[in-house]
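Student: predicted model and sequence below, questions to follow.
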Amino acid sequence: MDAAAQVGRKGASKGAQVRHHWNVERAKALYDLPFADLMFQAQRAHRKSFDPNHVETASLLSIKTGGCPEDCGYCSQSAHYETGLKATRLMRCPDVIAIAQRAKDAGATRFCMAAAWRTPKDRDLDSVCHMVNAVKGLGMETCVTLGMLTPKQAARLAEAGLDFYNHNVDTSPEFYSKIITTRSLQDRIDTLAHVRDAGIKICCGGIIGMGEHIEDRLGMLVLLADLPSHPESLPINLWNKIEGVPVEDTAEPPDPIALVRLVATARIMMPRSVVRLSAGRQYMSDELQALCFLAGANSIFIGDVLLTTKNPKVDRDADLLARLGITSGLA
């Protein structure tokens, strides 16, 4: 038996037991397993913690769009770039709740609210807390992404009943400085620690297709797997083509099989995390999505728009999941 197969067997022999202290070499050995072996290991890990025939459905709303002072080179909402996106003010709470209700009626079980801030101001955080409390009142799980948080701000969100806080690491430590300079990776890690200390679950993942190497994608997974606690939700985003941002010059769509391998590797490394196929699903065929579900992905965003980019229509998602025999909030 070769070394890669031994790593795969050893990694999966513990089933859904959580391990840390990963490195890129060990992750690469899993990633490079023969495809059937990798999928088998991922399915075995997946079934120990999740129903393999169920997918979580969430909805995402931009409650404050554009004008962000960060220079994230992939983002249409950065004020540093001319993308044609018009900045907006924070939405009114009643309008947000009406959209959340429609999302619930469409089949979403979690409602995620995103604001393009570096860090929220206290008066804006008060408004977001009202939104969180109101969405909870609809019987939905809640998630927000508001930029960097202080310990006090994280505690305030916890008091409001927030379930999840999204704060992505985006990519590997080695590639990070090539796409962002106004916020350090350590800033992100610090916010994740504040959120965790406040008792809020973490939603944290990254983006692929920005011009990074496979080792960067695996480095991102290693970073997440070596956190004190694995993120409860792990979104994997495909970069959406956006004119006017620096990543437009370096972006390269990932090979479909490479994406499936990444999902499977994430599932093995973080067996109890919900792995979400996030942005970019409109570029994916039904067959590719089916392979990703088989590899261990078990969450999607529903709705025609994700923040400022397109998403598959709900009818298409419902049809695909029905053909696969997968249950969800859409069924």
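Tutor: Yep, that arrived. Numbering: from 1, shown residues only.
Student: going forward, measure contacts between C-alpha atoms and count neighbours the same way
Tutor: Will do.
Student: as a whole number, average confidence for stretch 50-68?
Tutor: What stretch 50-68 shows for mean pLDDT is 93.
Student: what residue ranges in the chain score low on pLDDT?
Tutor: The chain contains residues with pLDDT under 70 at 1-17, 304-310, 331.
Student: report the secondary structure state of the spatially most central residue of it.
Tutor: The residue lying closest to the centre of the chain (CA atoms, centre = their mean) is residue 235, at 1.9 Å. With DSSP: H, G, I helix; E, B strand; the rest coil as the basis, residue 235 sits in strand.
Student: for residue 59, see how far away it is.
Tutor: As judged by CA to CA, to the nearest Å, residue 235 and residue 59 stand 13 Å apart.
Student: same question for residue 290.
Tutor: Where residue 59 is concerned, residue 290 sits at a distance of 20 Å (CA to CA).
Student: the two - which one has more neighbours?
Tutor: Neighbours around residue 290 and residue 59, counted as other CA atoms under 10 Å, are more numerous at residue 59. The numbers are 26 against 17.
Student: tally up the residues packed near residue 87, please.
Tutor: 15.
Student: now it, nearest residue through space, not along the chain?
Tutor: Nearest residue to residue 87, sequence neighbours excluded (CA to CA, 6 or more residues apart in numbering): residue 66, at 4.2 Å.
Student: and that neighbour, how many neighbours does it have?
Tutor: So residue 66, with other CA under 10 Å, has 22 neighbours.
Student: returning to what we had before: quickly list what the residue nearest to the centre of the chain is bridged to.
Tutor: residue 276 (DSSP bridges).
Student: what's near enough to touch residue 176?
Tutor: Contacts for residue 176 (CA atoms under 8 Å, 6 or more residues apart in numbering) come out as 170, 185.
Student: what do you get for residue 161?
Tutor: Counting by CA under 8 Å, 6+ apart, residue 161 touches 132-133, 136.
Student: then residue 69?
Tutor: 78-80, 117-118.
Student: how about a cut-off of 7 Å?
Tutor: When contacts are counted by CA atoms under 7 Å, 6 or more residues apart in numbering, residue 69 is found next to 78-79, 118.
Student: now residue 135
Tutor: Per CA under 7 Å, 6+ apart, neighbours of residue 135: 97, 100, 142.
Student: dump those into JSON lines; add neighbour count and secondary structure as well.
Tutor: Putting these into JSON lines (neighbours: other CA atoms under 10 Å; DSSP: H, G, I helix; E, B strand; the rest coil) gives the following:
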{"residue": "97", "neighbour count": "19", "secondary structure": "helix"}
{"residue": "100", "neighbour count": "26", "secondary structure": "helix"}
{"residue": "142", "neighbour count": "23", "secondary structure": "strand"}
